[in-house]
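S.K.: fold the stuff below for me.
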Amino acid sequence: MENKEFTGDYIVRAIAADGMIRAFAATTRELVETARVKHGTSPVCTAALGRLLTAGSMMGTMLKGDGDLLTLTVRGDGPMQGVSVTADAKGRVKGFVYNPDVWNKEKRPGKLDVGGAVGQGTLTVVRDQDFGEPYSSQVQLVNGEIGEDLTSYFATSEQIPSGVGLGVLVNTDQTVAQAGGFIVQLMPGFSDEVLDKLEDRLLSVHSVTELLEKGMTPEEILEMLLGDMDLEFTDKIPAEFYCNCSKERVARVLISLGSKELKSMIEEGKDEEVVCQHCNRKYTFTVDELQTILMQARAARMQNLGILSAEDMQEMKENQ
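M.R.: Numbering: from 1, shown residues only. Below is the predicted model:
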């Protein structure tokens, strides 16, 4: 692995045991803190969002194409309602909590009850590739603590025995002190000896945040788990909270609302403010801009009905 120096969050990828194990580990304090500030999350919501963001950033690097996207959505019957994150293949991730203001009792002093805030429900994983239809899989939550739920997902949906460790430590002032995690997976053809050794190592890890608080890096965490199994680091990737929203993208969302909804907005005679769900950035559309979007929505509908050609659509855009 090329020695890459990063001052912030990053992910390392590795193999071990003659390719029978692949592993990922990450430190994500800065990206989780960025998410906390953007969404104003309570401590338990910061922990839930941070765990899923961390997992998403690592799982995103498993994608094959640069344009591929991965979306992880946890929905539960608890007061948090759920969490959703989207990641790409470059270690960039964004996400939100459906109800970011939840406060609940700790499981024990210093241990936030993420599972209690999430409740019972489902984990849905969607891989959206540049080519072909998106692949979607859904499993029941084990306990809503995120790490165990992803372990179950890998075993049942992908048939890959895995160990997932995720952690977020929140300071008394609600800022993020530590965040990170690891994913260790057994590849086809693994031996019973490798399985037994890996199970013992994973059982020895009681808290990811304890390891991070000791100052351990992602490399050192994997060294602890796999150091005597011919561990080889293969890549090091920066990780960041990143949202690719723009006014143009939001306008396309408004077009999808349809003519009736857009006409209702215009009749109110006021500017319309739209907030990006993933990063809370606000976009303002004037009545004139909404009129243009309405015309685009009508043109798109006509084209879908075969009334308007692609050339007509292009001419309309050029004349706006």
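S.K.: residues contacting Asp66?
M.R.: Contacts for Asp66 were tallied using CB atoms under 8 Å, 6 or more residues apart in numbering; they are 88-90. Any C-beta I mention is one placed from the backbone N, CA and C, and that applies to glycine too.
S.K.: now do the same for it: its pLDDT.
M.R.: Per-residue confidence for Asp66 comes out at a pLDDT of 86.
S.K.: quick check: it is in a strand.
M.R.: No. Assessed by DSSP: H, G, I helix; E, B strand; the rest coil, Asp66 does not belong to a strand; its assignment is coil.
S.K.: what are the phi and psi values at it?
M.R.: Main-chain dihedrals, Asp66, degrees, to the nearest 10: phi -60, psi -30.
S.K.: so where is the stretch 151-300 of the chain shaky, pLDDT-wise?
M.R.: 300 (pLDDT under 70).
S.K.: where do the helices of it begin and end?
M.R.: Using DSSP state H, counting those that start in this stretch, the helices assigned to the stretch 151-300 of the chain run over residues 192-203, 208-213, 218-226, 247-257, 259-267, 287-304.
S.K.: could you dump the fourth one to PDB, C-alpha only?
M.R.: Taking C-alpha atoms only, helix 247-257 is exported to PDB below (Å, rounded to 0.1, in the frame of the first residue of the first chain):
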ATOM      1  CA  LYS A 247     -30.100  24.300  -7.100                       C
ATOM      2  CA  GLU A 248     -30.300  22.500 -10.400                       C
ATOM      3  CA  ARG A 249     -30.800  19.100  -8.700                       C
ATOM      4  CA  VAL A 250     -33.400  20.500  -6.400                       C
ATOM      5  CA  ALA A 251     -35.200  22.000  -9.400                       C
ATOM      6  CA  ARG A 252     -35.400  18.500 -10.900                       C
ATOM      7  CA  VAL A 253     -37.100  17.300  -7.700                       C
ATOM      8  CA  LEU A 254     -39.600  20.100  -8.000                       C
ATOM      9  CA  ILE A 255     -40.300  19.100 -11.600                       C
ATOM     10  CA  SER A 256     -41.100  15.600 -10.400                       C
ATOM     11  CA  LEU A 257     -43.800  17.000  -8.100                       C
END
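S.K.: now that helix and helix 259-267, what's the angle there?
M.R.: Taking axes from the mean of the first three to the mean of the last three CA atoms, to 10 degrees, one finds that helix 247-257 is oriented at 120 degrees with respect to helix 259-267.
S.K.: surely Ala14 and Lys236 touch.
M.R.: No. Using CB atoms under 8 Å, Ala14 and Lys236 do not qualify as a contacting pair, with a distance of 9.9 Å.
S.K.: so between these two, which is more surrounded?
M.R.: A count of neighbours by other CB atoms under 10 Å puts Ala14 above the other of Ala14 and Lys236, at 23 against 19.
S.K.: following the chain past the helix or strand hosting the more buried one, name the next helix or strand.
M.R.: Secondary structure assignment for Ala14, by DSSP states H and E: strand 10-16. Counting by DSSP H and E, the element after strand 10-16 in chain order, helix or strand, is strand 21-27.
S.K.: walk me through which strands that following strand pairs with, and which way each runs.
M.R.: Sheet neighbours of strand 21-27, with direction, are listed as strand 10-16 (antiparallel), strand 176-186 (antiparallel) (DSSP bridges).
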